[in-house]
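Trainee: How does the following fold in three dimensions:
(chains A, B, C and D)
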There are 4 protein chains.
Amino acid sequence: MAGSTYGKYFQITTWGESHGSGVGVVIDGCPAGLSLCEEEIQSFLDRRKPGQSKYTTSRQESDTVEILSGIFEGKTTGTPISLLVRNTDQRSGDYGDIAACYRPGHADYTYDQKYGFRDYRGGGRSSGRETIGRVAAGAVAAKILKRLNITLFGYVKSVGPVAIDMSRFDAEERDKNALYMPDCTAAKEAQAYLNDCIKNQNSSGSVIECIIDGVPAGIGDPVFDKLSANLARAVCSIGAVKGFEIGDGFGAAFATGKDNNDAFFINEDGRVQKKTNHSGGILGGISDGSPILLRAAVKPTPSIGAAQQTVNRLGEEAKISIRGRHDPIIAPRAVVVVESMAALTILDALLANMAARMDALEQFYLK
Amino acid sequence: MAGSTYGKYFQITTWGESHGSGVGVVIDGCPAGLSLCEEEIQSFLDRRKPGQSKYTTSRQESDTVEILSGIFEGKTTGTPISLLVRNTDQRSGDYGDIAACYRPGHADYTYDQKYGFRDYRGGGRSSGRETIGRVAAGAVAAKILKRLNITLFGYVKSVGPVAIDMSRFDAEERDKNALYMPDCTAAKEAQAYLNDCIKNQNSSGSVIECIIDGVPAGIGDPVFDKLSANLARAVCSIGAVKGFEIGDGFGAAFATGKDNNDAFFINEDGRVQKKTNHSGGILGGISDGSPILLRAAVKPTPSIGAAQQTVNRLGEEAKISIRGRHDPIIAPRAVVVVESMAALTILDALLANMAARMDALEQFYLK
Amino acid sequence: MAGSTYGKYFQITTWGESHGSGVGVVIDGCPAGLSLCEEEIQSFLDRRKPGQSKYTTSRQESDTVEILSGIFEGKTTGTPISLLVRNTDQRSGDYGDIAACYRPGHADYTYDQKYGFRDYRGGGRSSGRETIGRVAAGAVAAKILKRLNITLFGYVKSVGPVAIDMSRFDAEERDKNALYMPDCTAAKEAQAYLNDCIKNQNSSGSVIECIIDGVPAGIGDPVFDKLSANLARAVCSIGAVKGFEIGDGFGAAFATGKDNNDAFFINEDGRVQKKTNHSGGILGGISDGSPILLRAAVKPTPSIGAAQQTVNRLGEEAKISIRGRHDPIIAPRAVVVVESMAALTILDALLANMAARMDALEQFYLK
Amino acid sequence: MAGSTYGKYFQITTWGESHGSGVGVVIDGCPAGLSLCEEEIQSFLDRRKPGQSKYTTSRQESDTVEILSGIFEGKTTGTPISLLVRNTDQRSGDYGDIAACYRPGHADYTYDQKYGFRDYRGGGRSSGRETIGRVAAGAVAAKILKRLNITLFGYVKSVGPVAIDMSRFDAEERDKNALYMPDCTAAKEAQAYLNDCIKNQNSSGSVIECIIDGVPAGIGDPVFDKLSANLARAVCSIGAVKGFEIGDGFGAAFATGKDNNDAFFINEDGRVQKKTNHSGGILGGISDGSPILLRAAVKPTPSIGAAQQTVNRLGEEAKISIRGRHDPIIAPRAVVVVESMAALTILDALLANMAARMDALEQFYLK
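Mentor: Modelled structure (predicted):
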């Protein structure tokens, strides 16, 4: 059934599979009057492009976006924005094996069980290429957020056992290393670890963290559209994500109330602030004005060169060694996907919130 | 904005606050012909009832459910099922303080920021009583699942630092101890830990785990309605939840592909099975036929007796000590809420899946 | 499947059937800070109450509404408003016949075909009592609209062949006659016509018209949520409605472009206005600032005393004479239902529209 | 806000405007395993193509559809089907005038009021080209319906004052004349009438009727998703539609219960049938097994050559004569749009209905 639409107000519908004609997204509900050009979207897309280092697949995909609708004289018109990225570098020969066999850790088996058959070329719809639509839409959402002084900053927090040290946190460092880690020491260690993985035809899990700054207090809707709940869904809808945390996350489960509660105080500007931010910027599902902090657990790339036991479509046991060109770690290219999904979710909640009070309605319509 | 509706097909809308006339839920989209009576719903509700041990609030709420519509001659008619639980034990005097002050860790401040004011009696809509509607609906969903041979089993996995030992796992033990832990040794240790918390006017975080057995392979809808994504939202929409995991969760982030991939094999019945279940029963957002395993990180009860620093509605700093009757730990009464949200999510995905294939359509309408 | 929820932003979910415990509605997404009491809702409900004249059923139902949630200190809190009306006057004996037979013109047969069985008491969910939830919610929507200077005025335009004469249109007359017609001469004629119908154990069709004044230009969302499209659904979702028109409606189908186009001009206040209003206040699905004018064709009450041929549940032919207490015409009590559905639709579109432009977003969040 | 998505289960999102890069649609929720190729979609699109007679615009648009995703080895995969039609014949020069002036009967003024500005080229999103996405999706829906033995047949019932005579109804004639009327005598008369309109720089309104055969009893969901209500929205969401009827429509408003009720009987096959079909195949919002009959009132083409009074963006009065290439009547090319919207609505209701009963669930999952 239909599951490719996300958002209630700023609503996106993604489409496309790895080896079809292309992938894309339709954005519906984008406010009118936003200046927007292809370059702005492209720069977001380039952050998830393959072929950027030896830790990402060597496939060469230019992933050039085309705006098909919704823009007039450089501005959004309020009507649907259709974005298209043609697929180009498709060596279908690479994928002959997986037509018959179910790759462990992949969605091959489950798609077959659901639909009766599947587009096995490059993972079809379950390919990482599906996220191109998300990121293209995320670029638009992020631009709107920036106009509202809301910024997102995602990064790789850990690669296998190697985590960044927050005392060495350096935002600018993030874009300088291949692993998108804001700590150059950790990045080097992580690269060594990944080199070992590659040597062993293995891959590594990772953690992505994202900080969202500037969200005003009061955003999010009780009870099922809690901002935390929608962020959880948004992030866990990304292919390889197996866990989600807001604020202290599982740390809170081991803490006491005295430790975990964030005391309120009046800051120098005379505003309410929290002394700590264990809540991760969300209380009762509504933003509390502190930075929103979330984390995603990303599983290791399931495509590994080492031989694995599996079964085929005929119900026979088989061995599979996945060749082709695969990232030994998912996180570096997925950071921008996490940012995108977070941007879409925050923006949607901001739009929803505009009609939360009678006085806002009256101000808008009785002016 | 509207955020109190959950589910696309089996759709529930909850309403009500702690100290209003009552709380309830409307279930829309329940298949016709299910035998259903109030006792079946009541038995689910009783699992979240307060006053069951010294680890739960001493408030006496009978929480008796009344079916207002949707049942005829003992069976669901396919039309909305409206369920009502009247509020009874409301000592409004207990809550005088919190009208003025923002309780740390609570939603008082954020509701005020969003709506301009709030129903401060007992937490209003952000009270744990809001989950009564979820559990009442969850009872119906769970009954339908059982008819399809799908069962849910939730329990408290850890209380602060005290975790159950899986080698001592005893399902029947769960209902025998006040903490809902399926390990009597851990339960005793946890009680000692909680006694200390109570003595110190403190509270404890916890982890809830839930196993869903019998879900056939093929359930869940790419890409935003992945079963894992919707479970994440469902679980994270419960008041105090700060983290979510499916399968190995954050463990997968520290693992390698070789360790994390689950090999397929053909079992004795000639069926495809996985040797391990790191995936937690979901691959690519679609169920893989293995048990679905999820975890929720629950923060410590924010209501603690110890004095805390805060601010009041006038923007002045203040001290608050929360009296009233509060659970020192949330998990024991929240287990059934997690089960309920999981049941609602799984059922919704099962209903959605019925129209996934042309052959199903033809079989249904051309018979 | 779930079909009892209406609206995206101001979202209502109705429940209940004729002879169950009660009927009601949950309103979710109502802006916070609206003063609201039961009397205001009651006065709307009283307009659809039976037993008001000999043209409405003699059933005595007090239809007293109870607010169960969502109001604190006399104001909406932004959380769901649950409204309950208990069923009282249920003479189940009256309906014995229809358990077995399918009443012509009723939904008995179709419910049985869909759900396998039905609540046959008083029409169950397909009873006119279902509209109580709509009207209770409509009262809230209409109150908000009034605060925004938007008013609705519905009335009976024709009863069988007897139509009001627009040259005699007298708004105040509407509430003075039993038929809700704003033309006392036509009302008298219509009563004579209805008396004949009653004598002949027959019933009459009718047309309801509704004028909505004060909707600003710019409301409604291309392309599927055109204001006209959503009004069409809203009105056609009322039990007996078989036709819908906006502006000239079917008249436009017989007109030419020269006649049907409304010329624009600048009025005395320097504002854009239309010389005529063939469009009925909506162009391209978006309000144009003129009054919105819609009409509903209401079929004759299907419950008639005369003997009719039908079949029973066993698949045998049968005769049925419907006794019980039935209105010989539906429109007088349905006017307030049409107003309610229109109010809900207009309000929903107004809320949606608040986020249509970037400058509105920036004004709201950067103030 | 987002309003370009239609359907809950078989969900379509259209995008694109008259003079952008193209128009298209994403279909999400299409059952897997349907054989589908571009030719099948093209043949539907060709029915709304301009340039087919002197009663349709002379613009030459090939409107060639490209399938971008969702098909593998000739079959739908269950994932989104993205369809693209590039815009080709865009003589932007033709439309210079309308940048400044508001065309009477068009959406120019209302778009400006809503969004602050508009894409004035060829009507932008409010252009008839927007329906290309609907028709492309409708082709897919209609193909699925045909597999379930459900057929749709739409035609022009009247052109201005000239209506077909049902006694001369000839289905095959429909495709033989330029006006899509199933009555060759009426078609000739109508052409004469239209020739007069053209001579006078005028245009004509029209009525479209559509018959849907083979829908089983039991389809449609009370109370807001009544099949009739959703068809009303579907049809009234088409640009120029100002009225909608199901069955006898407004005729029922002038009838009595005795005349309007359809008696049930047992037919030769031993099945329940109705003697008449005043209901138009829907009772209580649920299909009754008779053919579904609906009508749409289509206003005259607002673009007429004759001079009209209007105002411009600066708030000054102005005269406008619309040159360019415009159909003098909308209906002939809109018939396939009505069929498409009806097909989408019926299919959506059929998919929803599969999970209406417990026995269906059990049969599906316990087989």
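Trainee: Now do the one helix or strand A:T13 maps to: which elements does it pack against?
Mentor: Here A:T13 is covered by strand A:11-16, with elements defined by DSSP states H and E. Strand A:11-16 is packed against strand A:5-6, strand A:22-28, helix A:131-147, strand D:22-28, strand D:81-86, with contacts defined by 3 or more Cβ pairs under 8 Å, 6 or more residues apart in numbering or on different chains; DSSP states H and E. All C-beta atoms are positioned from the backbone trio N, CA, C, and that covers glycine.
Trainee: of all these, which lies closest to B:A234?
Mentor: For those, the distance to B:A234 is smallest for strand A:5-6, at 16.0 Å, taking Cβ to Cβ.
Trainee: so where is the stretch 1-150 of chain A shaky, pLDDT-wise?
Mentor: Low-confidence segments of the stretch 1-150 of chain A, defined by pLDDT under 70, span residues A:50-51, A:57-61, A:89-96.
Trainee: which bits of it sit near chain C?
Mentor: Along the stretch 1-150 of chain A, the residues adjacent to chain C under the rule Cβ under 8 Å from any Cβ of the partner chain are A:8-9, A:29, A:31-34, A:76, A:78-79, A:144, A:147-149.
Trainee: And these, which two are furthest apart?
Mentor: That would be A:T79 and A:N149, which, of these, are the farthest apart (Cβ to Cβ) at 26.7 Å.
Trainee: who's more crowded, the two?
Mentor: Comparing A:T79 with A:N149 by other Cβ atoms under 10 Å in any protein chain shown, the one with more neighbours is A:T79, at 32 against 12.
Trainee: Which strands and helices lie in contact with the longest helix anywhere in chain A?
Mentor: Using DSSP state H to define each element, chain A has its longest helix at helix A:331-353. Contact here means 3+ Cβ pairs under 8 Å, 6+ apart; on that basis helix A:331-353 packs against helix A:131-147, strand A:151-159, strand A:206-213, helix A:227-236, strand A:292-298, helix C:358-365.
Trainee: which residues sit against the fourth one?
Mentor: In this case it means helix A:227-236. Contacts of helix A:227-236 with the rest of the structure, by Cβ atoms under 8 Å, 6 or more residues apart in numbering or on different chains, involve A:6, A:219-221, A:241, A:244, A:246, A:280, A:282, A:285-287, A:292, A:294, A:296, A:338, A:341-342, A:344-346, A:348-349, B:224, B:226, B:228-237, B:241-242, B:244, B:246.
Trainee: burial count for A:D112?
Mentor: Should you count by other Cβ under 10 Å, A:D112 turns out to have 18 residues around it.
Trainee: what about it, which helix or strand?
Mentor: Following DSSP H and E, the helix or strand that holds A:D112 is helix A:108-115.
Trainee: Could you quantify the relative orientation of that helix and helix B:358-365 as an angle?
Mentor: Taking axes from the mean of the first three to the mean of the last three Cα atoms, to 10 degrees, helix A:108-115 and helix B:358-365 form an angle of 30 degrees between their directions.
Trainee: Tell me, how many residues neighbour the nearest residue to A:G16 once chain neighbours are set aside?
Mentor: Setting aside the residues directly before and after it, A:G16 is nearest to A:V23 in space (Cβ to Cβ, 6 or more residues apart in numbering or on different chains), at 3.0 Å. When neighbours are counted by other Cβ under 10 Å, A:V23 registers 28.
Trainee: All good on my end, thank you.
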